[in-house]
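Peer 1: the sequence and its predicted three-dimensional model are supplied below.
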Amino acid sequence: MRPLPEVPSAAARFDAGQSEAALVEHYPRLTRLGYLVLPHSLSRDRRVRTAHALTQRALQTARGAGPPDAGAVPPPRRPDRAEAVDPGYAYLRRQVLRGALAAGSPLRLRRLPRRAQFPPLLPLTWGLRLFPHSGGADELALEERLSGVSGAARAAFVLRGLEELADGEVRRVLCAAGVADPHAALMEADGVSAPHALLASPGFDPCSLQARPPDLPRRRRYVRAALAGTAALLVCGALLGLPGEGWGRGALSAPLYARNPAAEAALDPGALRRVPARFWQRSSRTDFTAWPTRGDRTEDTRLLRRALRVWARPGGGVRTSATPRTPQGPPMGAAQLLYAGEVGTSAVVLFYDGLRVVRYAEPRDADPSEGAALDFARVDGADVTSAGALVVQRTRGGVRYLTAPWVRQARVRELLAPDRAPRALHRSADGVTDPVAGPAAAPGCRSWPAVELADDAAVRLVTDLGELAPARLTSGPPGRPHDVSGRAEYASWARTACLLPAVRSHGVRAVNSWGYATQSLPEGNGRAQWLCTRAETWRGTGSRVLAQFQAPSGRPPGSRPPGVVAARAEDSPECGTRSPRVLAGVLWKSRGGRWYVLAAGSAQFTSLTTSGGVTGQARGRLLAVPAGAGDRARLTGRLADGSQAGSLR
């Protein structure tokens, strides 16, 4: 059925005095009407305050409605309703219904919100919650039924029960209140099975109220949170208003909330420790503390201040990295300036604070906030063997090193070509090398360049493992490692270098490769080498150990395949100074097609035993037992003191 058209009624034509009188006389009835029609998803306290606000707004609207239309003819009235007594009552009722129905409509982006959709500002109660008196079981059941229907159906049910209007008049009032389909609202209201007399219950009377306090602990938490948020906003606003680089998505440094004189002094470029060029020659220590301050921008105060600020408070526009377990906090005091200059397309600053080396880099010819980087690396306990160089720049074109002042010569050696002579590596007057191709630049491990650093005492071999401090490569037993030298050791490292990615970016200080056994293979298949490769970290933990088996190969030294990892372990003392022993085994296939379990232990082992899928025993520290393809064996060995030890794992 189509909705009835809205027709002028006597309630639409009245004066302000009549409306005020009607509101005073029927105020409890109008607020009850609004309370019942408002959506039941709102809290009872908000429904009470909204019902009172809607009734009072109806009076404000009535005052602006103008004088009555003198030429209008009112429709017939029923003497038993308030509308018959007071023409302004119908208008006030319609306005209350309009507001109550609008309060239940959802907010939409493409339509302006209505006033009734927001919590009312008035009436306002501080520290109290107001709600009608509790009803009985019947009132609670009616409340639940009304909450399950639409606002228009609630309005129809209330107009029927509370106003005692016939269905035709209900349709007219609903249509005047803005309901699109009054007939559907009446049909939905028919489904609410409850006596109309319950609508007059004190449980639905918003003028007879109980006052209770809210959740006081929660209110105190909200107040404290609001005060803290307001204080934070005031501080942020004050900081953003200060002159400087600001703080945002692309900012270099975050804001400083608290004033600390010691921390501020550490951020002063004038407080940086600068070491003279010849200090290392008379220093009692040969480490990073003896490095002189170098670079063509050591007097660039703006660059140094920017680098120190970023170190202390890196912002969202800075790419930050750190080796494992390296603190990333601000400087603990005035740091030592190692280098400040232009390297390639970047401006680079290197600091040293006794525990860490910190590298700051920014684009040389662009906004510093576009591509700034901050890197941290632990270097505590460095000495002449591990303080020979630092990575000053790493790009696709290669790695540039800043060498120590005592390094007389730098050369590049190809680890995978042990017979190839090293080539000279040019350095600037400040000690910055030309780019050296990184190991990652050669896919498939076809090349592994390392750098030889020669001083008055030794020639040390270092390689880039993705960190600020290159890792030193050594050979020999764990208790007496030495710098790589000789054709045999370079040939061994040629088959070990391609295993170094397993320890990349782990804070590695040095990698030692120790050939602990040589074994003659069954069926005259030549002699194999057993090596233990141990990577020690700057932090002392997280070491990685690889036991490898290098089978004989007829290829030239530069093209032999890398060793096979027989076993690996992490944070293990084996193959180190505390426990200089190792035992490992592999399943190997001879050229004749037969399978064997091969095992080798270091000099501490006197006999080896294999059990499980393959059973065998051998005196000494070498074992070769026939096996089948896919067999798995458990390997143990007896030490010279009579105790037993298992294989590396």
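Peer 2: Yep, that arrived.
Peer 1: all contacts plus neighbour counts: C-alpha atoms, from now on.
Peer 2: Fine.
Peer 1: burial of the residue nearest to residue 490 when sequence neighbours are not counted, as a residue count?
Peer 2: In this structure, residue 490 finds its nearest non-sequential neighbour in residue 418, 5.3 Å apart by C-alpha to C-alpha, 6 or more residues apart in numbering. The number of residues packed near residue 418 is 21, by other C-alpha atoms under 10 Å.
Peer 1: and what about residue 418, helix, strand or coil?
Peer 2: coil (DSSP: H, G, I helix; E, B strand; the rest coil).
Peer 1: distance check, it against residue 25.
Peer 2: According to C-alpha to C-alpha, to the nearest Å, residue 418 stands 107 Å off from residue 25.
Peer 1: just residue 566 next, same as before
Peer 2: The gap separating residue 566 from residue 25 is 97 Å, by C-alpha to C-alpha.
Peer 1: where along the protein do the helices fall?
Peer 2: 16-37, 44-63, 82-85, 87-103, 137-147, 151-161, 167-176, 182-189, 216-240, 261-266, 301-312, 487-494 (DSSP state H).
Peer 1: got the angle for the fourth one vs helix 16-37?
Peer 2: Regarding helix 87-103 and helix 16-37, their directions subtend 40 degrees when assessed with axes from the mean of the first three to the mean of the last three C-alpha atoms, to 10 degrees.
Peer 1: likewise for the fifth one?
Peer 2: Interaxial angle of helix 137-147 relative to helix 16-37 (the same axes, to 10 degrees): 100 degrees.
Peer 1: begin at 39 from now on, thanks
Peer 2: Renumbered: residue one is now 39, and that last one reads helix 175-185.
Peer 1: show me what counts as buried in helix 175-185.
Peer 2: Along helix 175-185, these residues count as buried under the neighbour rule (16 or more other C-alpha atoms under 10 Å): 177, 180, 181, 184, 185.
Peer 1: relative to residue 247, which of these is nearest.
Peer 2: residue 177 (16.0 Å; C-alpha to C-alpha).
Peer 1: from residue 183, how far out is the closest one?
Peer 2: 10 Å.
Peer 1: how long is stretch 443-459 end to end?
Peer 2: End-to-end for stretch 443-459, by C-alpha to C-alpha: 25 Å.
Peer 1: now that stretch: buried residues?
Peer 2: Residues of stretch 443-459 classed as buried under the neighbour-count rule (16+ other C-alpha under 10 Å) are 443-445, 447-457.
Peer 1: adding distance to residue 415 and pLDDT, write the residues you listed out as a markdown table.
Peer 2: Converted to a markdown table, the buried residues of stretch 443-459 look like this (distance: C-alpha to C-alpha, whole Å; pLDDT from 0 to 100):
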| residue | distance to residue 415 | pLDDT |
| --- | --- | --- |
| 443 | 20 | 97 |
| 444 | 22 | 97 |
| 445 | 21 | 97 |
| 447 | 25 | 97 |
| 448 | 23 | 98 |
| 449 | 24 | 98 |
| 450 | 24 | 97 |
| 451 | 25 | 96 |
| 452 | 26 | 95 |
| 453 | 25 | 95 |
| 454 | 28 | 93 |
| 455 | 31 | 93 |
| 456 | 31 | 92 |
| 457 | 34 | 91 |
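Peer 1: tell me which of these fall in strands.
Peer 2: In this view, those that belong to strands under DSSP state E are 447, 448, 449, 450, 451, 452.
Peer 1: and the furthest pair within the residues you listed?
Peer 2: Greatest spatial distance in these: 447 and 452, 16.6 Å, computed using C-alpha to C-alpha.
Peer 1: ok so, going back, more neighbours, residue 604 and residue 63?
Peer 2: Set side by side, residue 604 and residue 63 show more neighbours around residue 604, with 22 against 14, by other C-alpha under 10 Å.
Peer 1: go ahead and confirm the more buried one touches residue 624.
Peer 2: Yes: counting by C-alpha atoms under 8 Å, residue 604 touches residue 624, with 5.7 Å between them.
Peer 1: just give the nearest non-adjacent residue to residue 659, would you?
Peer 2: residue 639 (5.0 Å).
Peer 1: quick check: bridge partners of the one you found?
Peer 2: Beta bridges link residue 639 to residue 621 when assigned by DSSP bridges.
Peer 1: what's the neighbour count on it?
Peer 2: 27.
Peer 1: what does residue 650 give?
Peer 2: 11.
Peer 1: same question for residue 91.
Peer 2: 22.
Peer 1: against residue 76, how distant is it?
Peer 2: 12 Å.
Peer 1: where does the prediction get shaky in the stretch 339-488 of the chain?
Peer 2: Low-confidence segments of the stretch 339-488 of the chain (pLDDT under 70): 404-405, 407, 478-481.
Peer 1: how about the helices of the chain in a markdown table, adding distance to residue 316?
Peer 2: A markdown table is the format used below for the helices of the chain (distance: least, C-alpha to C-alpha, whole Å):
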| stretch | distance to residue 316 |
| --- | --- |
| helix 54-75 | 89 |
| helix 82-101 | 80 |
| helix 120-123 | 106 |
| helix 125-141 | 82 |
| helix 175-185 | 87 |
| helix 189-199 | 89 |
| helix 205-214 | 97 |
| helix 220-227 | 96 |
| helix 254-278 | 44 |
| helix 299-304 | 25 |
| helix 339-350 | 23 |
| helix 525-532 | 35 |
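Peer 1: ok, what's across the strand from the nearest residue to residue 359 once chain neighbours are set aside?
Peer 2: Spatial nearest neighbour of residue 359, excluding adjacent residues (C-alpha to C-alpha, 6+ apart): residue 413 at 4.9 Å. Applying DSSP bridges to residue 413 gives these bridge partners: residue 359, residue 397.
Peer 1: what's in contact with stretch 613-631?
Peer 2: 515-517, 560-561, 563, 570-572, 583, 585, 587, 604-605, 611-612, 633-642, 665, 669, 673, 675, 684-686 (C-alpha atoms under 8 Å, 6 or more residues apart in numbering).
Peer 1: typo on my end, it should be stretch 191-208
Peer 2: 71, 74-75, 119, 135, 184, 212, 220, 223-228, 230, 234-235, 237-238.
Peer 1: domains of this structure?
Peer 2: 48-250, 299-420, 619-687 (automatic domain parsing).
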